[in-house]
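Participant: predicted model and sequence follow; I will ask about them next.
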Amino acid sequence: MALIKLQTEHFRNLSSAEPVTFSSSFNLIYGANGSGKTSILEAIGYLGLGRSFRVNRHQAVVRHGQQRFTVFGGLDHGFGNPGPESESYPLAHRLGISRDVAQKETRLRVDGESVRSLSSLAMHLPVSVIDPGVFDVVSGGPGKRRQFLDWAVFHVEPSFAANWQQCQRVTSQRNQMLRNGRIEDSLLRVWDTQYVALSERITEARKAAFEHFRRVFNVLVQELDVNWTQGLKLEFYPGWDIAQSLADVLVRHREQEIRMGHTLYGPNRADIRIRFQGRPVAETFSRGQQKTLVILMKIAQSIVLNDSGKQVSFLIDDINAELDESHRTMLAQKLQDLRCQVFITSIERPDPTSLWQGNPTPDYRMFHVEHGKLKEE
Ligand SMILES: Nc1ncnc2c1ncn2[C@@H]1O[C@H](COP(=O)(O)OP(=O)(O)OP(=O)(O)O)[C@@H](O)[C@H]1O
């Protein structure tokens, strides 16, 4: 599905006026520094992620002097499909998220009904962000790659979110016990049984999504003829030595976990290991190669979602600062082929013909943002 309507209230500097209508294909948004471009992407991101992709605290997002912000979105039926009642009711879903930062209360709505879990909201709008932080997928720690993988797993495996949440609860109980020092062996074994069962379910889902991702990635690399990727290897590490069962690993490392006071093995330690001729790519690849690699990974990830019938909305912030011309063209072309919805921001008014380099330009809408107000041209 694609986000075709957006309205915000008290969200950073954005105007709370009329809802904006977007294209389900490309949206080109330009405006001066500080005009509100990233804030628009951030508001869209809230509907698909339930949080900001650039700050950790909701507080930063609510307009200065206000207590609550709200973001409303309307989704179409996906891939440009008109839907059964398109004339009278073009929206497939209506989403809303609002946060009161003083009361620390979040309200979520889907199609006019309150929902409790963030996943009930986020499942409708898979958003993939390309901003300066995205390159951490290669250069940052394992957490960034887990997040990268789990986003796809969440969207292709419906049971993943519930298993993950339950596993986090069990891990936290287990950690409390390990921290306590006084371990009742029988009780720890009860927690371990639950922990192992949940970890295995999570790992199965991750493994399946990763294998799908790797297949797609390898095809993409060949298709685009990126010659320096010879010798590049992507491997899924589940969070413990796969030659052994997790249950055995826990028994074998009980003393070590008690000494450290927390869980050391399992899905919270998973990673995608990316190596080039046996060495981590973060140590061997140039910045440019790392960028290309991340872009290819993002495209491969959206193909994985496409294969499950899900349309991805890309949020690409300040495209000219992040990507050179060859990356921009490769990305724009591929996202068009995949029929993704795309929001691209830039400071200068973009020239669509240069973005598609002589190829036919897809449907797009052009917006100018000034002092938080978005106007279609
Ligand atoms: N909580 C807030 N309340 C009101 N205004 C805010 C808030 N947070 C940020 N701003 C202001 O909102 C404006 C928009 O910021 P944003 O980062 O969206 O701009 P931008 O167009 O992406 O700029 P740049 O091109 O420099 O990245 C800025 O002027 C910023 O100071």
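Facilitator: Yes, it's here.
Participant: for the stretch 101-250 of the chain, which segments count as helices?
Facilitator: Using DSSP state H, counting those that start in this stretch, the helices found in the stretch 101-250 of the chain span residues 118-122, 136-139, 142-156, 160-180, 185-224, 246-252.
Participant: pLDDT score for the residue in the stretch 251-377 of the chain that the ligand sits nearest to?
Facilitator: Closest to the ligand within the stretch 251-377 of the chain is Ile347: 5.6 Å, counting by C-beta to the nearest ligand atom. The C-beta positions use only the backbone N, C-alpha and C, and glycine is treated the same way. In this model, Ile347 is scored at 95, pLDDT.
Participant: what sits against it?
Facilitator: 30-33, 318, 320 (C-beta atoms under 8 Å, 6 or more residues apart in numbering).
Participant: just the buried subset of these, written out for ChimeraX, thanks.
Facilitator: To isolate the buried members of the contacts of Ile347 in ChimeraX, using 16 or more other C-beta atoms under 10 Å:
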select :30,31,318
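Participant: okay, and which of the contacts of Ile347 map to strands?
Facilitator: Tyr30 (DSSP state E).
Participant: make JSON lines out of the contacts of Ile347 and add distance to the ligand and pLDDT.
Facilitator: Below are these laid out as JSON lines (distance: C-beta to the nearest ligand atom, whole Å; pLDDT from 0 to 100):
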{"residue": "Tyr30", "distance to the ligand": "9", "pLDDT": "97"}
{"residue": "Gly31", "distance to the ligand": "5", "pLDDT": "97"}
{"residue": "Ala32", "distance to the ligand": "7", "pLDDT": "97"}
{"residue": "Asn33", "distance to the ligand": "3", "pLDDT": "96"}
{"residue": "Asp318", "distance to the ligand": "6", "pLDDT": "89"}
{"residue": "Asn320", "distance to the ligand": "11", "pLDDT": "84"}
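Participant: just the closest of the contacts of Ile347 to Gly80, please.
Facilitator: Tyr30 (24.1 Å; C-beta to C-beta).
Participant: any figure for the gap between that closest one and Phe367?
Facilitator: The gap separating Tyr30 from Phe367 is 7 Å, by C-beta to C-beta, to the nearest Å.
Participant: need the residues that contact stretch 304-316.
Facilitator: In contact with stretch 304-316 (C-beta under 8 Å, 6+ apart) are residues 1-3, 41, 44-45, 48, 53, 78-79, 125-131, 152, 155-156, 209, 212-213, 216, 298, 301-302, 322, 331, 335, 338-345.
Participant: now do stretch 215-226
Facilitator: By C-beta under 8 Å, 6+ apart, the surrounding residues in contact with stretch 215-226 are 229, 232, 234, 292, 296-297, 299-300, 303-304, 307, 330.
Participant: kindly recompute the last result at 10 Å.
Facilitator: Here stretch 215-226 makes contact (C-beta atoms under 10 Å, 6 or more residues apart in numbering) with 210, 227-230, 232, 234, 289, 292-293, 296-297, 299-304, 306-307, 330, 334.
Participant: let's test this: mean pLDDT of it, rounded?
Facilitator: In this model, stretch 215-226 has an average pLDDT of 89.
Participant: pLDDT on stretch 367-377, on average?
Facilitator: On average, stretch 367-377 scores 96.
Participant: other residues contacting that stretch?
Facilitator: With contact meaning C-beta under 10 Å, 6+ apart, stretch 367-377 is reached by 6, 8, 11-18, 20-23, 27-32, 34-37, 39-40, 63, 343, 345, 349, 365-366.
Participant: which among those residues end up buried?
Facilitator: For the contacts of stretch 367-377, a neighbour count by 16+ other C-beta under 10 Å gives the buried set as 6, 8, 11-12, 14-15, 20, 22-23, 27-31, 35-37, 39-40, 63, 343, 345, 365-366.
Participant: what about those residues, which are in strands?
Facilitator: Mapping the buried ones among the contacts of stretch 367-377 onto strands (DSSP E) picks out 6, 8, 20, 27-30, 343, 345, 365-366.
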